[in-house]
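Trainee: This is a predicted model, with the sequence first.
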Amino acid sequence: MSGHSKFANIKHKKEKNDAAKGKIFTIIGREIAVAVKEGGPDPANNYKLAQIIAKAKSNNMPNDTIERGIKKASGEGSNVNYEYCTYEGYGPSGTAIIVKCLTDNKNRTASNVRNAFTKGYGSIGTQGCVSYMFDEKGQILIDKEECDMDPDELMMLALDAGADDFVEEEDSFEITTAPTDCEEVRKALEEAGIKMASAEVSMIPQTYVKLTDETDLKNINKILDLLDDDDDVQEVYHNWEE
């Protein structure tokens, strides 16, 4: 895998998440509310809700908090007016960035996202301008230090459950699936007692861009930090090899 450690990125994200867990729970709570409104409160019959619950658990969101969010969203008089929107653009040296948001005010969100790109000397592009450089896949990452199972046994477990690929890296195992198979593979691993660092549908870059110029590094970190601080921003995908 060209020496790129996806797990390093996940750990970096987790550190930020742990520093702002309240914000992460708020973001996931919005996603739960929208999923319940669109498909009902039963994750067995609502694939999108099942995915979000898996994401919540991978971020250590307590079960009672998840259940309260589902009950609140499914209660009478629940008024959820959030909508999804996606922005695509370029960072330093042509790095590709996709920003997925969930907002109750598209004008505010568009302004904030554009401001983040501008302050990092990047630029917003048109829909589709960079997404073709990414593949949408289920991605499950497992910390080697947290996994006692033999790698070959883990690989067979994942493949038998429906995974497309299994890669052993220096510090982690990466399992990729079709987007619709991610939940089934995650459940199989969970039932086998495997602790996962991340389990979600992601946009995976086809190739990565290395940045060595100090100004470029400063600018892309500026963009990503501003996006990370925005409560409307759900996910940010990029092809910078950190």
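Mentor: Great, that's in hand.

Trainee: Now stretch 25-45: average pLDDT?
Mentor: Per-residue pLDDT over stretch 25-45 has a mean of 89.

Trainee: Find out how far that stretch is from the centre of the chain, if you would.
Mentor: For stretch 25-45, the separation from the chain centroid amounts to 16 Å (computed by C-alpha atoms, centre = their mean, to the nearest Å).

Trainee: got the domain boundaries for the chain?
Mentor: 6-74, 83-132+207-238, 134-205 (automatic domain parsing).

Trainee: The residue nearest to Asn239 when sequence neighbours are not counted bridge partners, please.
Mentor: Using C-beta to C-beta, 6 or more residues apart in numbering and skipping the chain neighbours, the partner closest in space to Asn239 is Pro205 (3.7 Å). All C-beta spots, glycine's among them, are computed from the backbone N, C-alpha and C. Beta-bridge partners for Pro205, by DSSP bridges, are Phe134.

Trainee: What is the burial count for Pro205?
Mentor: When counting by other C-beta atoms under 10 Å, one arrives at 21 neighbours for Pro205.

Trainee: Where among the domains of the chain is average confidence lowest?
Mentor: domain 6-74 (a mean of 80).

Trainee: got a list of contacts for stretch 173-181?
Mentor: Stretch 173-181 is touched from outside by 1, 6-7, 47, 136-142, 144, 147, 151, 154, 158, 162-167, 185, 189, 201, 204, with contacts defined as C-beta atoms under 8 Å, 6 or more residues apart in numbering.

Trainee: now swap in stretch 110-120 and tell me
Mentor: Taking C-beta under 8 Å, 6+ apart as the rule, stretch 110-120 contacts 85, 87, 89-92, 97, 99, 101, 123-124, 219-224, 226-227, 230, 232-233.

Trainee: quick one on the thing from earlier: contacting residues around the residue nearest to Asn239?
Mentor: Ala96, Met133, Phe134, Tyr237, His238, Asn239.

Trainee: Generate a PyMOL selection restricted to the buried subset of those.
Mentor: Buried residues among the contacts of Pro205 (16 or more other C-beta atoms under 10 Å), as a PyMOL selection:
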select buried, resi 96+133+134+237+238+239
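
Trainee: Going by distance to Lys72, which of the contacts of Pro205 wins?
Mentor: Distance to Lys72, by C-beta to C-beta, is smallest for Tyr237 among these, at 29.3 Å.

Trainee: Just to be sure, the closest one is in a strand?
Mentor: Yes: under DSSP: H, G, I helix; E, B strand; the rest coil, Tyr237 falls within a strand.

Trainee: Now render the contacts of Pro205 as JSON lines, adding distance to Ile27.
Mentor: Output for the contacts of Pro205, formatted as JSON lines (distance: C-beta to C-beta, whole Å):
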{"residue": "Ala96", "distance to Ile27": "23"}
{"residue": "Met133", "distance to Ile27": "25"}
{"residue": "Phe134", "distance to Ile27": "21"}
{"residue": "Tyr237", "distance to Ile27": "15"}
{"residue": "His238", "distance to Ile27": "18"}
{"residue": "Asn239", "distance to Ile27": "23"}
